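[1] this one's sequence-less:
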């Protein structure tokens with residue numbers, strides 16, 4: 001009788017964490033390898049695009065706030 005292996009479904013939350021760490025440029029090698037096994041490429045692409053969009057909007061808002069003063 002074989003033992004059932006725990007299948008880990010790709011998690012959006014794990015993708016968000018992986019992209020956030022990538023934006024900072026800080027990541028352990030072991031965590032990176034674990035992320036490769038447990039995240040969906042589609043989640044990473046979506047979260048990356050959304051994160052870049054939020055970053056750009058935040059920078060535009062910051063610049064408008066500083067220039068307005």
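    In hand now; what should we look at? Quick caveat: nothing in here was measured; it's all calculated off a predicted structure. Numbers count the residues shown, from 1 in each chain.
[2] please make it C-alpha for all contacts and neighbour counts, starting now.
    Noted.
[3] any stretches of the chain with poor pLDDT?
    1-8 (pLDDT under 70).
[4] show me where it has helices.
    Along the chain, counting by DSSP state H, helices occupy 12-24, 29-38, 41-68.
[5] show me what the second one is packed against.
    Helix 29-38 sits against helix 12-24, with contacts defined as 3 or more Cα pairs under 8 Å, 6 or more residues apart in numbering; DSSP states H and E.
[6] what's the angle from the helix it packs on to helix 41-68?
    Helix 12-24 runs at 50 degrees relative to helix 41-68, counting by axes from the mean of the first three to the mean of the last three Cα atoms, to 10 degrees.
[7] how far does helix 12-24 sit from its chain's centre?
    2 Å (Cα atoms, centre = their mean, to the nearest Å).
[8] hmm, who's touching it?
    With Cα atoms under 8 Å, 6 or more residues apart in numbering as the test, helix 12-24 has contacts from 27, 32, 35, 38-40, 43-44, 47-48, 51.
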